[in-house]
Structure formats: C-alpha cells, structure tokens
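# Following is a predicted model, sequence given first.
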Amino acid sequence: MKIQALEVKAGDRIIAYCNNKMQTCKVKRILDPGQANITLSVFTSENYRGCSVSSIVRFQSNALVDLVS
C-alpha cells in the first residue's frame, strides 16, 4: 500500500532505498516533520555485531511511500 510521506508515523514499516539497496525499514522517529522534505530515522533489517543498524532516509513531502503491512 502506498501513502504520502507526510502520513508516515513512528513504528511504520516502509520500503526505502537505504544503505545502497531497497529494503524494509522500521521508522524509529520523524526528525523534520514540517519541512519540504521529510527526514526519518529508521532501523534496517541488517545487524552489526548483534545491534540493529539505524539510518537516515529523506523523502519529499508529496512523495508516495510503500507501506509494508
């Protein structure tokens, strides 16, 4: 299902280009909610020494984002 980037909230699982590949990411928090670009802190499915990897993903506010159900 696709939703607008403005509608993404913490806890959502989305598909995003992160760490040089498309992958499922879980939204940790929204860093810049009111800007022209939405900046999200996300966890990827990758692990490094047993810890979840956190990354930053940016979308234009009117972009459509794939939501994983």
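Arrived safely, thanks for sending. Numbering: from 1, shown residues only.
# quick one: strands adjacent to the lowest-mean-pLDDT helix or strand in the chain?
Taking mean pLDDT, DSSP states H and E as the measure, the helix or strand of the chain with the lowest value is strand 37-48, at a mean of 80. Counting by DSSP bridges, the strands paired with strand 37-48 are strand 21-32 (antiparallel), strand 51-60 (antiparallel).
# and residue 3, which of these is closest to it?
Residue 3 lies closest, by CB to CB, to one member of those: strand 51-60, at 10.9 Å. C-beta: built from backbone N, CA, C; applies to glycine.
# where does this structure have low pLDDT?
Residues of the chain that meet the criterion pLDDT under 70 lie in 46-52.
# Let's see that with 80 instead.
Scanning the chain for pLDDT under 80 picks out the ranges 19, 33-35, 45-53, 69.
# Where does residue 35 sit: helix, strand or coil?
Secondary structure, DSSP: H, G, I helix; E, B strand; the rest coil: residue 35 is coil.
# measure it to residue 59 for me?
With distances taken as CB to CB, to the nearest Å, residue 35 is found 11 Å from residue 59.
# neighbour-wise, which of the two wins?
residue 59 (18 against 11; other CB atoms under 10 Å).
# Let me see the contact set for the closest residue to the more buried one other than its chain neighbours.
Excluding its sequence neighbours, the residue lying closest to residue 59 (CB to CB, 6 or more residues apart in numbering) is residue 5, at 3.9 Å. Residue 5 makes contact with 38, 59, 60, 61, 62, 63, 64, 65 under the criterion CB atoms under 8 Å, 6 or more residues apart in numbering.
# contact partners of stretch 57-69?
1-6, 8, 12-18, 24-25, 35-40, 42.
# Quick check: buried residues in that stretch?
By neighbour count on 16 or more other CB atoms under 10 Å, the buried set for stretch 57-69 is 57, 59, 65.
# re earlier: from the contacts of stretch 57-69, list the buried ones, please.
Counted by 16+ other CB under 10 Å, those give 5, 6, 8, 12, 14, 16, 18, 25, 38, 40, 42 as buried.
# Perfect, I'm done here.
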